[in-house]
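Visitor: need coordinates for the following:
(chains A, B, C and D)
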Number of protein chains: 4
Amino acid sequence: MNSNVPFRGIIAYPITPFTTTNEADLPTYRHLVERLVTSGSHGIAPLGSTGVLPYLTDEERDAITEATLQQVAGRLPVLVGVSHLTTAGVVRHARFAERAGAAAVMVIPMSYWKLTDDEIFQHYDRIASAVSVPIMAYNNPATGGLDMSPALLKRLLEIPNVTMIKESSGDVQRMQALRQLLGEDVAFYNGSNPLALAAFAAGATGWCTAAPNLIPELNVGLYEAVQRQDLSEARQIFYQQFELLQFMVAKGLPRAIKAGLELLGQEAGELRAPLHPLTEDEQRELRRILDRVPLPASVG
Amino acid sequence: MNSNVPFRGIIAYPITPFTTTNEADLPTYRHLVERLVTSGSHGIAPLGSTGVLPYLTDEERDAITEATLQQVAGRLPVLVGVSHLTTAGVVRHARFAERAGAAAVMVIPMSYWKLTDDEIFQHYDRIASAVSVPIMAYNNPATGGLDMSPALLKRLLEIPNVTMIKESSGDVQRMQALRQLLGEDVAFYNGSNPLALAAFAAGATGWCTAAPNLIPELNVGLYEAVQRQDLSEARQIFYQQFELLQFMVAKGLPRAIKAGLELLGQEAGELRAPLHPLTEDEQRELRRILDRVPLPASVG
Amino acid sequence: MNSNVPFRGIIAYPITPFTTTNEADLPTYRHLVERLVTSGSHGIAPLGSTGVLPYLTDEERDAITEATLQQVAGRLPVLVGVSHLTTAGVVRHARFAERAGAAAVMVIPMSYWKLTDDEIFQHYDRIASAVSVPIMAYNNPATGGLDMSPALLKRLLEIPNVTMIKESSGDVQRMQALRQLLGEDVAFYNGSNPLALAAFAAGATGWCTAAPNLIPELNVGLYEAVQRQDLSEARQIFYQQFELLQFMVAKGLPRAIKAGLELLGQEAGELRAPLHPLTEDEQRELRRILDRVPLPASVG
Amino acid sequence: MNSNVPFRGIIAYPITPFTTTNEADLPTYRHLVERLVTSGSHGIAPLGSTGVLPYLTDEERDAITEATLQQVAGRLPVLVGVSHLTTAGVVRHARFAERAGAAAVMVIPMSYWKLTDDEIFQHYDRIASAVSVPIMAYNNPATGGLDMSPALLKRLLEIPNVTMIKESSGDVQRMQALRQLLGEDVAFYNGSNPLALAAFAAGATGWCTAAPNLIPELNVGLYEAVQRQDLSEARQIFYQQFELLQFMVAKGLPRAIKAGLELLGQEAGELRAPLHPLTEDEQRELRRILDRVPLPASVG
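Guide: Okay, the predicted model is just below:
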């Protein structure tokens, strides 16, 4: 594996569980990370949207970063989310992640005020100057509030240690345009769960997903079928998980994963307000969906 | 081939050429149809958006329908577009197409006033009662002005001779949802050119496209690679044509196909106003794109 | 009144009623027009969206045009909708309207294929060359499928007999931008019913509306309060009708007006399929809304 | 003035200036607040979007809150922005603002994960239980990432100390719907600058705006013309400022206000990265716009 592009395949996102007194629950978190490490996934990504990064204090983020690296202990590469509304804030967290042993860091340009393309470029450029680890630029207009065009993403890849792109705009044409613009060696990752098959067909290097918390065999199985270039098998495995992927996105990843873990008999801690658990109707729907998924006996 | 679902593979859409006095140019039209029949495509679809159906009088539509059936002469199945703003208008054109020998008819619920789901259902139901040929229901919010949900499309498929769905909403998740709802035997067709690979990966039965006017080998090649379940080959052939597919959509199919035909040395007639030819800059861009496409020597 | 800008105030749109055998019902139509003429409105506009123009044959359109001019008989200026998908079609209908005595014609650039700004400009330019009556350019992205920017509308106003603009994009900022670009003498008309107050506040010359079929006193009352610069009175009269205006837009003007006329005891004929009457629940909701409107005893 | 609804008229938003070492510049900030207090505005609102609230640490927010209350010194009511991604974070800042002497606090439900209506309601309910000052609920889908419907806002107003609504969705129909649902006594405030005239016409109690940093006489003049129910004068004053209002929104309030203050000869400090100053072209455009505004000699 190229050290500038240390991720491929299934990159698994843990949730961040909280105690009943609204503190980060590190023992439960480490148990959930351990499940992901042994699930067959190819990388671990703490402090993503799934991990409710924006709801955490700086100190909580540091603690989660350290807990992840200690638990993973070099068995898989770790991609730490270091986004922050200010440039100075990203630099601070990226340096911490680098020192802690992250293989790479992920940065979404969180907005509030819309940023110009030049502002976004300078944001990444300053971050890239401050660390040596590779950076994954992450486009997700729905949560970040900014939409980076393929042309801007191409420009970001000219910064030496910006080497990977995660696309979650939900439009497979955007990934195709990236590959068209950048050639077949570009490392792009899909972050839109219901597009997993389309993205791999389009040439994605990996799939960034919280689904391995619930159905790791199906996620890994899809990737392996694609590696074998077996379209028929890939399609079949994809449709086995599509309904669950849709549900997760519709309900929000932290809420859906927490509920799914509990249905599988796992501790998942509390959510942090304003997030609330799935309603009982939503939990019943999730149970019906999980019951239809062909889960191997060994799961959980 | 099932007579209720008489289409698969590449369904090719001819443009409608006009004379300098703004009349339908039937000799040129028949030549263009002949090129499509001998191009390797698997079906011919006159009077689609590509054929500027909404710009034609009833009499012109009849003449195009007859010219197509005569020229094709049974060599391939013909799918005639019979959409009209009124229900009575669709019935009239559907009956004409059936008598002329169409294998099926295609109906998009053209709007102006937004229609309710019940209005759309009754529209299809009345049309279906008036003819015996199978009907392809066509969803294209961008041109038709109405967006039919997967749930409504499922309901339409309960009408006995509504047997096929063409999806052009530009979102591959919609096709995946159809297959999820309707099972793997549902016959859905992709009408969004840049999604050709993603749609076949998702299980599309066919691809409705004007591209065979310009690059039939690549269109058919993609389908054949998918039939062999060879994802790697399919991806490679797809990226060879992706830039052209994007251009066609961005410029509008009639304008782009006319210009492309002329660049390939073919007669393509005039456009009907308000449509105007591509600008010179756009034509130069198209030439550059076509020059990069790996065209076999025999094209044209 | 300037003959180049022959409309101000309330411009009333009749529906087109049909017989039970799906033909235009001219006697009922003339009765409905007569009600509008005597309602206090300042102009009559046949063959708009309200009059289901796109659902009519050329001959039906001619008959409606003639019936309107004969019934109005010079008592009010008449604005005839002459839109058509092709440029030649608009020219044909504009010439007919001019000969029949229209004070002006209205043209929305109906699309299907998106038109470029140059195509739209040439469309209007050719129409303007073919007639002498003034032309109202009509922007309504929701029904026409094209969105003309303030900059393009400014360009259209450079064509000598394009003298009026009707804005129905639903965004009052668009009207404000027109006035900013074009100065306070620009004649712009609001076609978005729930924006009636905001548009008059922004300086609109008139309001194009189907509401006078049901509540002419309130429509005219709003205009008169604005003419007196009495903001408080204008606001009060506006809120008396706002709920009905919202309902009309939500249900579609032909369906809502037909139902409202019947609730007021008027003949309104049939709708043409695919349009269907309001459901019984919708009719009950409309009755409740009409019951809350302060209607004078003389209405109907 | 009702102590539950302590705001009306022009509520002015200061920017937060930074030093060259990226710290909050409190002396410059207090000078900018003093200008607003003496400008004729009717309220002061620190820590809004204009004040880049999301880019500040908790300690910086506390310091800005205290500096504002000290500088205003009871001359005008102060509305403190206390939004935070977590419910606990809002409670902390709301309590601080209450102790510091705020007349009310403003809360936008910042998202990241979309919140359900129930989650939003409980978020406000918990905050309202924690303080006694009145709360302004703020809807701004573009910056907050969530769109609260009129029906949800109505529900929030059932919480005893949620007494005011600020609407910045950019659609005047939303404000009209609020008044329709809630009656003419509802206190709603417009936060969309280019809708200032339309919102006052619709009955808004006040206008939340950063514009008094640059053109306080025009902002106050518009409000006073509306109070006199003089629509003609209101319209004239509105169009004098409309171009500047559009520019401010297009470029982002902190960037535009900082540049405008400097063009007026005022200290405005630095922006915090990732925000960058207007480009030179943008600054020239702003100068041209300001030169066209009829500024009294006494400004600055």
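Visitor: which ones are touching residue A:245?
Guide: A:193, A:194, A:196, A:211 (CB atoms under 8 Å, 6 or more residues apart in numbering or on different chains). For glycine as for every other residue, the C-beta is placed from the backbone atoms N, C-alpha and C.
Visitor: quick check, the third one in contact with residue A:221.
Guide: Spelled out, that is residue A:196. No - counting by CB atoms under 8 Å, residue A:196 does not reach residue A:221; the two are 11.3 Å apart.
Visitor: at the geometric centre of chain A, which residue sits there?
Guide: residue A:208 (4.2 Å; CA atoms, centre = their mean).
Visitor: is it fair to say it lies in a strand?
Guide: Yes - secondary structure assignment places residue A:208 in a strand (DSSP: H, G, I helix; E, B strand; the rest coil).
Visitor: need the contact list for it.
Guide: Residue A:208 neighbours (CB under 8 Å, 6+ apart): A:11, A:13, A:45, A:48, A:166, A:168, A:189, A:190, A:191.
Visitor: buried ones among the residues you listed?
Guide: For these, a neighbour count by 16 or more other CB atoms under 10 Å in any protein chain shown gives the buried set as A:11, A:13, A:45, A:48, A:166, A:168, A:189, A:190, A:191.
Visitor: for the stretch 151-300 of chain A, which segments count as strands?
Guide: For the stretch 151-300 of chain A, the strands defined by DSSP state E, counting those that start in this stretch cover A:162-167, A:188-190, A:206-209.
Visitor: got TSV for those strands, with mean pLDDT too?
Guide: Shown next, in TSV, are the strands of the stretch 151-300 of chain A (pLDDT from 0 to 100):
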stretch	mean pLDDT
strand A:162-167	97
strand A:188-190	98
strand A:206-209	98
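Visitor: make TSV from these and add distance to residue A:142 to it.
Guide: Compiled in TSV, the strands of the stretch 151-300 of chain A are given as follows (distance: least, CB to CB, whole Å):
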stretch	distance to residue A:142
strand A:162-167	12
strand A:188-190	14
strand A:206-209	15
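Visitor: what about the helices in the stretch 51-200 of chain A?
Guide: Counting by DSSP state H, counting those that start in this stretch, one finds helices in the stretch 51-200 of chain A at the ranges A:58-72, A:87-100, A:117-130, A:141-144, A:150-156, A:172-182, A:196-202.
Visitor: of all these, which one is nearest residue D:137?
Guide: helix A:141-144 (22.3 Å; CB to CB).
Visitor: quick one: mean pLDDT for the closest one?
Guide: In this model, helix A:141-144 carries a mean pLDDT of 78.
Visitor: show me what it is in contact with.
Guide: Applying CB under 8 Å, 6+ apart, the external contacts of helix A:141-144 come out as A:49, A:83, A:108-111, A:138, A:147, A:168-170, D:112-113, D:145.
Visitor: now do 7 Å
Guide: The contact list for helix A:141-144 (CB atoms under 7 Å, 6 or more residues apart in numbering or on different chains) reads A:49, A:108, A:109, A:110, A:111, A:147, A:169, D:112.
Visitor: give me the buried entries from the residues you listed.
Guide: Of those, these count as buried by 16+ other CB under 10 Å: A:49, A:108, A:109, A:110, A:111, A:169, D:112.
Visitor: and chain B, which of those residues contact it?
Guide: Checked against chain B using CB under 7 Å from any CB of the partner chain, the buried ones among the contacts of helix A:141-144 yield no neighbours at all.
Visitor: switch the contacts of residue A:245 over to TSV; also include pLDDT.
Guide: Shown next, in TSV, are the contacts of residue A:245 (pLDDT from 0 to 100):
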residue	pLDDT
A:193	98
A:194	97
A:196	98
A:211	98
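Visitor: for the residues you listed, which one is nearest chain D?
Guide: Chain D has its nearest neighbour among the contacts of residue A:245 in residue A:193, at 14.7 Å by CB to the nearest CB.
Visitor: so how far is chain C from the residue lying closest to that closest one once chain neighbours are set aside?
Guide: Excluding the flanking residues, the one nearest residue A:193 by CB to CB, 6 or more residues apart in numbering or on different chains is residue A:245, at 4.0 Å. Counting by CB to the nearest CB, to the nearest Å, the gap from residue A:245 to chain C is 33 Å.
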